[in-house]
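K.L.:
Below is the structure, and that's it, no one-letter string:
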């Protein structure tokens, strides 16, 4: 009996120590230099944080480009395991609060995807002007909605590389796919799903027109304005003009964006001479987390115990090979994922 108690206590202590170790993934690295940057951009002041690995001369720098929503620089802490991993691999990371979020002024709901592309390009150019980064390679790592941002931003700022995770192609098509996936998860029959998607398409055509997309907001832009002004976003034109070396990673179990469509469009439309790594990631979600554990459309749908799993997993919440594949691309342009 005593031996059993010793074993159980030892197991509990081991699990507790492992949990504490994993939780450090959700803190900023203490063995790196942190710089708070404030820049004035179009009548607003934007703020972000640059983290530079200690002792690395002219490290490559990656700018994080958010997906949808009111996201602060670290996406409520969700980015931190990724950030710590990148820094541990000798990569500097910069991210900033969206306009009107955190310490940044403005209103992200007033932005079109073109506005976001110019803002991201401006931020990259600001980093390139820093003396300590003058010899660094600088590029983008964007998520989801960044699929409409990064291709143009890379050209505007002459980025050295780009990475997109869960990149969308067409606003309308993405909405239909998202709806289909949601209704399927709710157990709706295929016939009813087809009818619901058809009704949604009719509603879209009724509510949104190219003319309405050009209409300015009445006072302060809200969510309806944001969707109206971006309803005809499509990445194909920017993809066809893109010459920045680019990595496209799509989780095979993505429930938000059709991975097959994105991979096919990028493979077909990207100029033939553009260096690329276009790959599906097995067992991965929209954000490349392990789909076996996190098979949801939104983090807000996670039950409390899944949130606990994420906190205890840290970097291991990501699908195997996803993070190392990203770092290989940043350092060497090698397509190893």
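P.N.:
Done, it's in. Source: prediction; values computed, not measured. Residues are numbered from 1 along each chain as shown.

K.L.:
Please list all residues in contact with the closest residue to residue 254 other than its chain neighbours.
P.N.:
Leaving aside its sequence neighbours, residue 254 sits nearest to residue 286 (CB to CB, 6 or more residues apart in numbering; 4.5 Å). Heads up, the C-betas are built off the backbone N, CA and C, glycines and all. Applying CB atoms under 8 Å, 6 or more residues apart in numbering to residue 286 gives the contacts 144, 166, 251, 254, 255, 256, 257, 297.

K.L.:
same thing but at 7 Å, please
P.N.:
144, 166, 251, 254, 255, 256, 257 (CB atoms under 7 Å, 6 or more residues apart in numbering).

K.L.:
distance of it from residue 72?
P.N.:
Between residue 286 and residue 72 the computed distance is 20 Å (CB to CB, to the nearest Å).

K.L.:
hmm, back to that, backbone dihedrals for the residue nearest to residue 254, please?
P.N.:
Main-chain torsions, residue 286, degrees, to the nearest 10: phi -50, psi -40.

K.L.:
Could you tell me the model confidence score at it?
P.N.:
If you check residue 286, the pLDDT there is 98.

K.L.:
Also the one 5 residues further on?
P.N.:
Confidence per residue is given as pLDDT, and for residue 291 that number is 97.

K.L.:
Tell me if I'm right that it and residue 281 touch.
P.N.:
No: using CB atoms under 7 Å, residue 291 is not in contact with residue 281, being 9.5 Å away.

K.L.:
Need the residues touching each of these two.
P.N.:
Counting by CB under 7 Å, 6+ apart, the contacts common to residue 291 and residue 281 are residue 251.

K.L.:
who has more neighbours, those two?
P.N.:
residue 281 (24 against 20; other CB atoms under 10 Å).

K.L.:
where does the stretch 151-300 of the chain dip in pLDDT?
P.N.:
Judged against pLDDT under 70, the stretch 151-300 of the chain has no low-scoring part.

K.L.:
where along it do the helices fall?
P.N.:
Secondary structure of the stretch 151-300 of the chain by DSSP state H, counting those that start in this stretch: the helices cover 171-185, 190-207, 210-213, 223-230, 236-240, 259-269.

K.L.:
Export the ones you listed as TSV, with columns for distance to residue 153 and mean neighbour count.
P.N.:
Listed next are the helices of the stretch 151-300 of the chain as TSV, based on distance: least, CB to CB, whole Å; neighbours: other CB atoms under 10 Å:
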stretch	distance to residue 153	mean neighbour count
helix 171-185	18	17
helix 190-207	27	12
helix 210-213	20	10
helix 223-230	15	17
helix 236-240	9	17
helix 259-269	16	17
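
K.L.:
Could you dump those helices into CSV with distance to residue 155 added?
P.N.:
Formatted as CSV, those follow (distance: least, CB to CB, whole Å):
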stretch, distance to residue 155
helix 171-185, 20
helix 190-207, 29
helix 210-213, 22
helix 223-230, 19
helix 236-240, 8
helix 259-269, 14
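
K.L.:
To residue 102, which of those helices lies closest?
P.N.:
Distance to residue 102, taken as CB to CB, is lowest for helix 223-230 among these, at 18.3 Å.

K.L.:
Contacts for the closest one next, please.
P.N.:
The contact list for helix 223-230 (CB under 7 Å, 6+ apart) reads 109, 112, 113, 171, 208, 212, 213, 217.

K.L.:
please redo it, this time with the cut-off set to 6 Å
P.N.:
Helix 223-230 is contacted from outside by 109, 112, 113, 212, 213, 217, using CB atoms under 6 Å, 6 or more residues apart in numbering.

K.L.:
In contact with residue 65, which residues?
P.N.:
Going by CB under 6 Å, 6+ apart, residue 65 touches 120, 140, 142, 146, 149, 150.

K.L.:
Next, count neighbours for the residue nearest to residue 288 when sequence neighbours are not counted.
P.N.:
Leaving aside its chain neighbours, residue 288 sits nearest to residue 322 (4.4 Å; criterion: CB to CB, 6+ apart). By other CB under 10 Å, the residues close to residue 322 number 22.

K.L.:
now swap in residue 307 and tell me
P.N.:
Counted with other CB under 10 Å, the neighbours of residue 307 add up to 11.

K.L.:
still on that earlier bit, and the contacts of residue 65, which of them are in helices?
P.N.:
120, 150 (DSSP state H).
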